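1. pasting the sequence and the predicted coordinates here, then a few questions.
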Amino acid sequence: MARATASIPNGDGGVPKPPCRKVDQEADAPVPVKPVISGPNTIWWFNGLSLGVSGYSTEITLSASGSGSSYQWSIQDGTDKVQIAGSGQASTVQLSSIGQSATANDVKILVTIGGMTSDPFSITVKAPYQLGPDPSQPTPQYYSDATYAWFTDIYYSVEGNFGVAMPAPLSVVESFGALVPDYSGTNWQPGPPQCLSQTDPGATFLDHIGGERSGRIPTPVYNTNWGGAKVEHWSQDWRVGSCGGGPRVQSDTIQKWTDHALHTGIVSPNP
Amino acid sequence: MTIRIACTLLVLVLFVTTGSGLPLHPIEIGALTEKADLIVLGEVMSRVREGTTTIDMSGTLMSAEIVRAEIAVDRALKGTAPTGVISLSFAMPDRPVGYRDVVQGEYRMFFLQRKDDSLSFADPWYGDLPAIREQNPVSGSPLNQVTMVLGRALESTRLSDVEQFEVLDAVRRLHTDLSTEILRQTLQSASGDFKLEVARSLVARNDLAAFAVVKDALLQQTGLPVRLVLDLAGSLNGLSDPRAVPGLAKLTEINDSAIRRPAAEALRRTGSQSAIEPLSKLLGDSEFRVRYSAVVGLGEITHQDEWTPTINEFERNEERYLKHWRLWVDATYK
């Protein structure tokens, strides 16, 4: 660029003005840079489980880079889904989930540094939502057992709010309603509800339902035709995230017959 | 030489879970192999009841038999190789909690743990697996040896249907190169329904090698049991390879929502531009979950985040999203 080093016509009567230095001043000053936010784009929501869930971040930290020393973080969209911890006036900010997304990347975070505001940083709040089929065993598996006559294994995959399998192992806990006998005089022994502390890495698990010992009433039988009489049933809820509870992902009824068992009346999702 | 490992169980207290309807994780051979101190191939020579005990199952006391079994060991795949007979002790609760029992005369692969002076199952639910008696030893790491033993069992015609399922389920949930190779080899040699079982196992692992077999079976379905059709269709839930798009598109044309649903979901998961056209054809499907897969798939592939809803949001405002995507498809392709 040519520098103005002599008098120049200025169009107002030829009175020369001092050499203009404005261009030089701008070139030497630090050019303001738009801040950039970095960090994870996903945060998880487990209905506010206070202890967190291993493998799932219900709190995330975002960092800002830019020129300046005064920071101000803000939530442009999604104040019903995430909240900022603290004043939001440092170079990093911690976000925690308080609700789940409605669409992908619907939470927008901004940071302003030295008067310059970043582009929105998008985040999706994912959440466990329902039980889906296990791709490796979509239908129940039925087989004989020397001690209890038979077992029925019903396989599931825990799916998130976008219908995709959860990405890491997690706890699955069942709770039962009152037992209802269907067979007069039955003395089959239902067990208490249990918790699986960790599914497999693909978030799959199975409900392992057995028959009974042969001395019980009615006598359990292994029969692939499944024509046996009903013995008993009870309602069952499935929650995930913690053995102490968590979002409900399915309700159903465990129905036992003399020769098999199934989940009936499945409602999933059932938040 | 006979090695006997003492088994003295006066009171057996196990802190485990139980229930009539018990959540379990599927079998994980890698973890089981890691956990076991001793893995042996052998035959159950005897099974005797040694008494009773009480088991504490998550706070519920439950009576159980104490069982002692003697195993004639062929060889060890992990741990010191005992030859001769070993003793194994375990509890069998009165209630059906799914613990593994043993049957005299069975030849199995046992995953065992030493505790004090006795041996017990490393995992009470997955303590052993079917195996076949043969002379050729396997070599390599314990996991590779276990996998090879399972592979040979899969090739065998000596297993019952239930045993075959046990082995196949163990192999297909093991994600190693060797297990993939074994499944692919088994697919080549298998026939009939078992071939389809192996094929669906590979497809569930996103292995395209078997997709054509599954696809053709679903398109024809002649004489297939309903359960097998559902299992074949369900395996598509594990598929995401973009090369499967043309085949998946054909499957979405089948007049059976049990097949269209996982096929549409697989199309979504491919994330491929080539899936846009078949997904757009599913916007008017009669099945809610198929329409959802179409909408969310189109949103993910074209990165239109605001038109990529959760299931719940789609359920509440379905027409809004369908209208957007119909207009988008019209504007883009017509």
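-> Received the coordinates, thanks.
2. C-alpha only now, for contacts and for neighbours.
-> Fine.
3. up against chain B, what does the stretch 151-271 of chain A have?
-> A:151, A:161-163, A:172-174, A:189-196, A:198-200, A:204-213, A:254 (CA under 8 Å from any CA of the partner chain).
4. out of those residues, which are buried?
-> In these, burial by neighbour count holds for A:151, A:161-163, A:172-174, A:190-196, A:198-200, A:204-213, A:254, counting by 16 or more other CA atoms under 10 Å in any protein chain shown.
5. using PDB, write out every CA atom in stretch A:52-61.
-> The C-alpha trace of stretch A:52-61 is given here as PDB (Å, rounded to 0.1, in the frame of the first residue of the first chain):
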ATOM      1  CA  GLY A  52     -24.400 -39.300  37.300                       C
ATOM      2  CA  VAL A  53     -24.100 -42.400  35.100                       C
ATOM      3  CA  SER A  54     -20.700 -43.900  34.300                       C
ATOM      4  CA  GLY A  55     -19.900 -43.500  30.600                       C
ATOM      5  CA  TYR A  56     -22.500 -40.700  30.100                       C
ATOM      6  CA  SER A  57     -21.600 -37.100  30.600                       C
ATOM      7  CA  THR A  58     -24.400 -35.200  32.300                       C
ATOM      8  CA  GLU A  59     -22.000 -32.300  32.700                       C
ATOM      9  CA  ILE A  60     -19.600 -31.000  30.000                       C
ATOM     10  CA  THR A  61     -17.000 -28.300  29.900                       C
END
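6. next, the buried residues of that stretch.
-> So for stretch A:52-61, counting by 16+ other CA under 10 Å, buried means A:52-53, A:56-60.
7. quick one: low-confidence ranges for chain B?
-> B:1-20, B:81-82 (pLDDT under 70).
8. let's go with 50 and repeat that
-> B:1-19 (pLDDT under 50).
9. now the helices for it?
-> Using DSSP state H, the helices of chain B run over B:29-35, B:142-155, B:161-172, B:177-189, B:192-204, B:211-220, B:226-235, B:245-251, B:257-270, B:276-280, B:288-302, B:311-316, B:318-333.
10. okay, now B:Met62: neighbour count?
-> Look at B:Met62: counted by other CA atoms under 10 Å in any protein chain shown, it has 15 neighbours.
11. show me what contacts it?
-> The neighbourhood of B:Met62, defined by CA atoms under 8 Å, 6 or more residues apart in numbering or on different chains, consists of B:54-56, B:93-95.
12. apart from its chain neighbours, what residue comes closest to A:Asp237?
-> A:Ser251 (4.4 Å; CA to CA, 6 or more residues apart in numbering or on different chains).
13. and the stretch 51-200 of chain B, which residues reach chain A?
-> With CA under 8 Å from any CA as the criterion, the stretch 51-200 of chain B comes near chain A at residues B:58, B:60, B:94-98, B:101, B:103, B:162, B:169, B:172-173, B:200.
14. how about a cut-off of 7 Å?
-> With CA under 7 Å from any CA of the partner chain as the criterion, the stretch 51-200 of chain B meets chain A at residues B:95-98, B:162.
15. please spell out the PyMOL selection for the buried subset of the residues you listed.
-> In PyMOL syntax, the buried subset of these is picked out as below (16+ other CA under 10 Å):
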select buried, chain B and resi 95+96+97+98
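16. among the residues of the stretch 51-200 of chain B next to chain A, which pair sits farthest apart?
-> For these, the maximum inter-member distance is 22.0 Å, found between B:Arg95 and B:Val162 (CA to CA).
17. contacts for stretch A:231-239?
-> A:172-183, A:186, A:245-258 (CA atoms under 7 Å, 6 or more residues apart in numbering or on different chains).
18. average pLDDT for that stretch?
-> For stretch A:231-239, mean pLDDT is 96.
19. now do stretch A:212-220
-> In the prediction, stretch A:212-220 has an average pLDDT of 93.
20. end to end, how far does it reach?
-> 6 Å (CA to CA, to the nearest Å).
21. and if you look at stretch A:139-153?
-> Taking CA to CA as the measure, stretch A:139-153 stretches 9 Å from start to finish.
22. repeat for stretch A:126-139
-> Stretch A:126-139: ends 27 Å apart by CA to CA.
23. please apply the same query to stretch B:118-135.
-> Stretch B:118-135 end-to-end distance (CA to CA) = 28 Å.
24. need the helices for the stretch 51-200 of chain A, in chain order.
-> Assigned helices in the stretch 51-200 of chain A: none (criterion: DSSP state H, counting those that start in this stretch).
25. what about the strands in it?
-> Using DSSP state E, counting those that start in this stretch, the strands of the stretch 51-200 of chain A run over A:59-65, A:71-77, A:82-85, A:92-97, A:107-113, A:116-117, A:121-126, A:128-132, A:141-145, A:149-160, A:172-176, A:180-181, A:195-196.
26. point out the most buried one among those strands.
-> Compared across the strands of the stretch 51-200 of chain A, strand A:128-132 shows the largest average neighbour count, a mean of 27 (mean count of other CA atoms under 10 Å in any protein chain shown).
27. adjacent strands (with direction) for it?
-> strand A:149-160 (antiparallel) (DSSP bridges).
28. next, the angle from the partner strand to strand A:172-176.
-> Counting by axes from the mean of the first three to the mean of the last three CA atoms, to 10 degrees, strand A:149-160 lies at 120 degrees to strand A:172-176.
29. which residues sit against strand A:149-160?
-> A:126-134, A:137-145, A:165-166, A:203-212, A:220-222, A:260-261.
30. can you list the weak-confidence ranges in chain A?
-> A:1-23.
31. give me the residue at the spatial middle of it.
-> By CA atoms, centre = their mean, chain A has its centre lying nearest to A:Ala127, at 2.8 Å.
32. what's the distance between the nearest residue to A:Ile209 once chain neighbours are set aside and A:Ala146?
-> Distances taken as CA to CA, 6+ apart put B:Gly21 closest to A:Ile209, at 4.4 Å, once the chain neighbours are dropped. Distance from B:Gly21 to A:Ala146, counting by CA to CA: 18 Å.
33. ok, B:Leu282 next?
-> 48 Å.
34. more neighbours: the two, which one.
-> B:Leu282 (21 against 13).
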